[in-house]
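Peer 1: Need coordinates for the below:
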Amino acid sequence: MEKPSTLLVHFDKGSAAMASEIKADLEGSDVAAKVDAMKRAVMLLLNGETLPQLFITVVRYVLPSEDHTVQKLLLLYLEIIDKRDAAGRVLPEMILICQNLRNNLQHPNEYIRGVTLRFLCRLSEPEVLEPLVPSILENLEHRHHFIRRHALSAISAIYRLPHGDQLIPDAPELVERALASEQDASARRNAFLMLCACAQERAVAYLLSNVDRVAEWPDLLQMAAVDLIRKVCRSPNRADKGRYIKIIISLLSSPSTAVVYECAGALVSLSSAPTAVRAAANTYCELLSSQSDNNVKLIILDRLNELRTSHRDVMVDVVMDVLRALTSPNLDVKRKVLDLVLDLLTPRNVEEVVLNLKKEVVKTQAGELEKGGEYRQMLVQAIHACAVEYSEVAGSVVHLLMDFLGDTNVAAAVDVVLFVREIIETNPKLRVSMIQRLIDTFYQIRASRVCSCALWILGEYSLSLSEVESALSTIKQCLGDLPFYTVSEEGEATDSAKPAQPVVNSVTVSSRRPVVLADGTYATQSAATEAISTASVAPGLLSSTLNLRSLILSGDFFLAAVIACTLTKLVLRLEEVQPSKVETNKVCTGALLIMTSILQLGQSSYLPQPIDNDSYDRIVLCVRLLCNTGDDVRKIWLQSCRQSFAKMLAEKQFRETEEMKAKAQVSHAQPDDLIDFYHLKSRRGMSQLELEDEVQDDLKAATGGFTKDADDANRLNRILQLTGFSDPVYAEAYVTVHHYDIVLDVTVINRTKETLQNMCLELATMGDLKLVDRPQNYTLAPASSKQIRANIKVSSTETGVIFGNIVYETSNVMERSVIVLNDIHIDIMDYISPATCADVTFRNMWAEFEWENKVAVNTVIQTEKEFLDHIIKSTNMKCLTPPSALDGECGFLAANLYAKSVFGEDALVNISIEKQFDGKLSGYIRIRSKTQGIALSLGDKITLKQKGGS
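Peer 2: Purely as a prediction, here's the structure:
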């Protein structure tokens with residue numbers, strides 16, 4: 001059976017045959033050989049070897065040694081050897097050690113005394129400790145602080161033993177006297193901690209008698225004082241809580257950052273007074289700006305986020321201080337800062353926040369920042385959120401962001417164009433300037449997806465004659481000369497925009513549009529650019545001025561279909577605003593020529609891939625529409641698209657509002673709860689902070705703020721039976737899962753009429769679970785019960801199993817009895833929670849994640865929507881597909897689900913199902929994640945639950 005150990009040394013070369021070598025070295029006179037032999041002996045003992053024959057050799061040849069290293073290793077040896085026999089009695093040879101330890105405690109060398117006192121802290125045998133107590137107490141008066149420090153630790157350890165109060169009955173008084181006269185910081189801390197653990201009233205009295213001097217204490221003692229205040233103030237309705245809060249506030253000015261951090265946390269946990277919370281928030285902000293370690297910054301941001309959930313009004317005032325943390329080069333810190341700030345926006349601070357974000361966007365242009373494109377994308381998304389919530393700031397940022405439509409980071413450019421699309425719909429006043437800006441910067445766009453969205457905006461929101469004409473001319477210029485290719489006499493197809501007989505492999509292109517230089521000024525572009533070959537054109541990023549032409553020649557016919565639709569909308573709009581029929585017909589003819597040229601290109605052998613059928617049908621539809629226009633069709637093309645987009649935005653806004661309402665939890669007090677009325681209280685002698693704290697406590701009591709979240713009735717659902725009712729020992733466990741920790745509260749009941757000796761709960765784990773500490777042995781009287789707690793650490797989101805048994809002895813049976821326990825399965829649902837992410841992010845993660853688990857649909861549920869709701873409920877995930885997209889009956893359903901684990905892992909699920917002719921559902925559920933564990937565990941969960949019966 002494994003035993004507790006206070007020492008851990010890695011050693012994998014040990015063997016029992018080394019014992020004779022060790023014995024020979026110990027008997028010799030060479031000190032270096034003795035040191036090496038003692039090290040090997042300690043390592044062998046830690047590896048499980050007993051070495052019983054070595055003890056007498058150690059007593060004869062090692063005890064008399066005066067070498068400090070040998071004496072230190074001797075104490076380590078004594079620490080790990082068995083000091084009791086099988087019956088639990090102390091071994092008689094331990095008496096030989098007592099005299100040596102007493103001599104060490106009176107040794108003239110301070111180091112020998114100190115390490116011996118430290119060794120006594122790890123002894124738990126009262127028979128060995130009792131004769132040493134007088135010598136330990138003498139060391140409290142020693143002149144050297146190193147010895148006094150360890151003497152206090154030894155007294156504390158002995159007093160906390162099961163019968164330690166009988167060994168040193170007056171320990172608290174002795175330690176209190178020592179604390180009053182002690183000057184060394186570590187010794188004072190050890191004494192204070194002993195009082196906190198064993199005589200809390202004395203520790204509190206000492207703290208309150210030194211209230212004015214607490215700020216001058218060393219940081220070790222200040223930390224201990226903060227811990228004491230936390231413990232003392234946990235008791236409900238503590239009348240003198242205000243005095244302790246004053247002490248904590250005085251410690252906020254401590255030079256130690258660790259003390260300041262702990263004080264801020266204690267202040268928030270003890271008081272809800274606005275003054276106290278504001279002081280804590282300011283402290284966190286100061287630490288955020290002064291600390292350079294990124295891990296520290298992330299921890300502080302987590303604390304600030306916790307403050308936001310409970311004290312948002314106070315946090316709003318420090319939002320600009322939080323924004324200063326954007327100077328950190330770490331992207332995780334920047335992301336957390338932006339998320340926190342977006343939750344603290346108000347009409348008062350939104351303009352200042354947006355101005356700060358604009359400055360950060362400008363900084364990313366310099367190119368000095370690492371991962372500047374990714375950071376710029378985060379800033380664009382943040383500004384987008386600000387502008388959607390507070391439309392009045394949109395005008396100040398939209399023109400700046402439109403400069404990034406041609407960003408080399410495609411994801412950032414997509415975010416910008418989506419932002420422009422939403423703002424142009426929700427802010428009609430900005431429409432004219434935004435359309436003009438989009439036309440001016442359209443030639444800079446290099447990404448196909450950005451071009452598609454920008455063309456849709458031009459087609460929908462170009463309303464006046466000048467806007468329509470500018471949009472048409474811009475599209476024609478970006479397409480270049482027609483046709484897209486020509487067939488030479490030799491029968492080779494070449495791009496018609498290139499010279500027929502190029503002398504050099506380059507062509508001079510002069511752009512009519514200005515180019516933006518590094519300093520922000522404009523200049524006309526005229527440069528020799530290399531001719532583009534279709535094989536080397538990347539559809540995402542292009543350097544050609546004729547961006548639309550380059551994308552089409554690279555085989556992007558979806559974009560060609562979007563161009564055809566945009567030209568159709570612009571021609572139909574032109575017919576409404578252009579009085580001259582001749583001009584309209586001329587433009588219509590030009591648009592038809594472009595479309596037919598695209599169709600001709602798509603069906604030629606010039607490109608390796610022909611045009612796809614969808615794009616072909618779409619372009620042909622546009623050609624037919626321009627040749628024969630009707631009023632109904634005109635209404636669909638010019639009005640319905642925009643109405644659908646407006647409806648989509650309204651639904652998105654409604655969804656976000658509903659989610660915010662759901663998050664707002666309203667707690668209620670019970671009808672018979674006691675409420676103290678603030679105005680009827682005596683205010684005599686109370687400071688402003690104490691008054692505020694009293695008021696906040698009263699408000700919490702009135703609104704149910706003190707009610708527990710976990711109802712006792714729900715605890716019954718989490719109790720697992722580990723043994724049968726007929727077993728001699730009955731055991732059941734209450735499982736608590738909290739992020740990285742699992743706590744098992746096991747109740748063990750002796751159902752026999754005999755005393756169970758050395759009863760032990762032995763547990764083992766399978767999966768990414770690790771047992772922190774092994775429960776100790778207990779003696780259980782007949783018909784009595786015992787509560788045993790076991791802690792287990794979790795390292796990943798994976799289904800784990802905890803199994804084990806109960807081992808015990810009785811006086812009648814010599815052998816040990818074993819009862820095997822039922823397995824405890826840790827559910828993955830305890831670790832994942834619903835989360836949201838943008839569609840673009842979901843698609844990127846779907847393409848990036850390598851682990852996929854494909855589960856075939858097998859269920860008795862017969863409606864698609866009901867099956868989706870059942871999977872959402874069973875997997876604790878959030879459906880990203882909007883409800884409007886799931887409405888109606890079409891016999892087919894596709895939806896995306898998303899969740900995030902407590903370890904930061906993403907879980908993606910795609911459900912694709914259809915109804916068969918016999919009424920049954922068929923299809924697949926695909927799970928993707930970055931790690932194998934979550935994909936497999938979630939797949940097993942879905943397979944188990946999808947039937948619909950449970």
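Peer 1: alpha carbons only for contacts and neighbour counts from here, please
Peer 2: Fine.
Peer 1: Low-confidence stretches in the stretch 151-300 of the chain?
Peer 2: Under the criterion pLDDT under 70, the flagged ranges of the stretch 151-300 of the chain are 235-239.
Peer 1: Walking through it, point out its strands one by one.
Peer 2: Using DSSP state E, counting those that start in this stretch, no strands are found in the stretch 151-300 of the chain.
Peer 1: For the stretch 451-600 of the chain, give me the ranges with low pLDDT.
Peer 2: Using pLDDT under 70, the stretch 451-600 of the chain drops low at 486-545.
Peer 1: pLDDT below threshold where in the stretch 651-800 of the chain?
Peer 2: 660, 662-717, 739, 796-799.
Peer 1: Leu105 and Met877: what is the separation?
Peer 2: For Leu105, the distance to Met877 (CA to CA, to the nearest Å) stands at 63 Å.
Peer 1: now swap in Tyr111 and tell me
Peer 2: When CA to CA is the yardstick, Tyr111 and Met877 sit 60 Å from each other.
Peer 1: between those two, who's got more neighbours?
Peer 2: Between Tyr111 and Met877, counted using other CA atoms under 10 Å, the more crowded position is Met877 (23 against 15).
Peer 1: Just confirm that one contacts Ala835, I think it does.
Peer 2: Yes - assessed by CA atoms under 8 Å, Met877 is found in contact with Ala835 at 7.3 Å.
Peer 1: Common neighbours of the two, please.
Peer 2: Taking CA atoms under 8 Å, 6 or more residues apart in numbering as the criterion, Met877 and Ala835 both touch Tyr898, Ala899.
Peer 1: The residue lying closest to Leu251 once chain neighbours are set aside: neighbour count?
Peer 2: Spatial nearest neighbour of Leu251, excluding adjacent residues (CA to CA, 6 or more residues apart in numbering): Ala215 at 5.6 Å. Residues near Ala215, counting by other CA under 10 Å, number 19.
Peer 1: Okay, Ala215 and Ser391: tell me how far apart.
Peer 2: From Ala215 over to Ser391 the distance is 49 Å, taken as CA to CA.
Peer 1: just Pro347 next, same as before
Peer 2: Separation of Pro347 from Ser391 (CA to CA): 10 Å.
Peer 1: Correct me if wrong, but Leu893 is in a strand.
Peer 2: Yes - assessed with DSSP: H, G, I helix; E, B strand; the rest coil, Leu893 lies in a strand.
Peer 1: For it, which residues are in contact?
Peer 2: So Leu893 contacts Glu864, Lys865, Leu886, Ile911, Ser912, Ile913, Glu914 (CA under 8 Å, 6+ apart).
Peer 1: the more surrounded of Pro347 and Ser391?
Peer 2: The residue with more neighbours, out of Pro347 and Ser391, is Ser391; 14 against 11, by other CA under 10 Å.
Peer 1: just checking, the more buried one touches Glu425?
Peer 2: No - using CA under 8 Å, Ser391 is not in contact with Glu425, being 11.1 Å away.
Peer 1: before we move on, the earlier item: between the contacts of Leu893, which has the most around it?
Peer 2: By neighbour count, taken as other CA under 10 Å, the most surrounded of the contacts of Leu893 turns out to be Glu864 (23 neighbours).
Peer 1: What separation do you get for that one and Ser554?
Peer 2: Per CA to CA, Glu864 is found 40 Å from Ser554.
Peer 1: ok, now Ser604?
Peer 2: Taking CA to CA as the measure, Ser604 falls 14 Å from Ser554.
Peer 1: In terms of neighbours, single out the busier of those two.
Peer 2: Counting neighbours by other CA under 10 Å for Ser604 and for Ser554 shows that Ser554 has the greater number, 20 against 15.
Peer 1: if I look at that one, how far off is Tyr443?
Peer 2: Ser554 sits 17 Å away from Tyr443, going by CA to CA.
Peer 1: do Arg143 as well
Peer 2: Taken as CA to CA, the span from Arg143 to Tyr443 is 83 Å.
Peer 1: Compare these two and say which is more crowded by neighbours.
Peer 2: The neighbour comparison of Arg143 against Tyr443 (other CA under 10 Å) goes to Tyr443, with 24 against 10.
Peer 1: does that one really touch Gly480, like I thought?
Peer 2: No - contact criterion CA under 8 Å: Tyr443 and Gly480 do not qualify, at 11.7 Å.
Peer 1: Find residues that contact each of those two.
Peer 2: Common neighbours of Tyr443 and Gly480, counting by CA under 8 Å, 6+ apart, are Leu546.
Peer 1: export stretch 362-379 as PDB, just CAs?
Peer 2: Taking C-alpha atoms only, stretch 362-379 is exported to PDB below (Å, rounded to 0.1, in the frame of the first residue of the first chain):
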ATOM      1  CA  VAL A 362      -3.500  53.600 -37.100                       C
ATOM      2  CA  LYS A 363      -0.600  52.100 -35.200                       C
ATOM      3  CA  THR A 364      -1.100  48.800 -37.000                       C
ATOM      4  CA  GLN A 365      -0.500  50.500 -40.300                       C
ATOM      5  CA  ALA A 366       3.100  51.200 -39.400                       C
ATOM      6  CA  GLY A 367       3.800  47.500 -39.700                       C
ATOM      7  CA  GLU A 368       6.000  47.500 -36.500                       C
ATOM      8  CA  LEU A 369       3.600  45.300 -34.500                       C
ATOM      9  CA  GLU A 370       4.000  41.500 -34.500                       C
ATOM     10  CA  LYS A 371       0.800  39.900 -35.900                       C
ATOM     11  CA  GLY A 372      -0.500  43.400 -36.900                       C
ATOM     12  CA  GLY A 373      -3.000  42.000 -39.300                       C
ATOM     13  CA  GLU A 374      -4.600  39.800 -36.700                       C
ATOM     14  CA  TYR A 375      -4.700  42.600 -34.200                       C
ATOM     15  CA  ARG A 376      -6.200  44.900 -36.800                       C
ATOM     16  CA  GLN A 377      -9.000  42.400 -37.300                       C
ATOM     17  CA  MET A 378      -9.700  42.300 -33.600                       C
ATOM     18  CA  LEU A 379      -9.900  46.100 -33.500                       C
END
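Peer 1: could you give me the average pLDDT of it?
Peer 2: Taken as a whole, stretch 362-379 has an average pLDDT of 75.
Peer 1: Give me the contacts around that stretch.
Peer 2: Everything outside stretch 362-379 that qualifies as a contact, by CA under 8 Å, 6+ apart, is 329, 331, 335, 338, 357, 360-361, 408-409, 411-413, 415.
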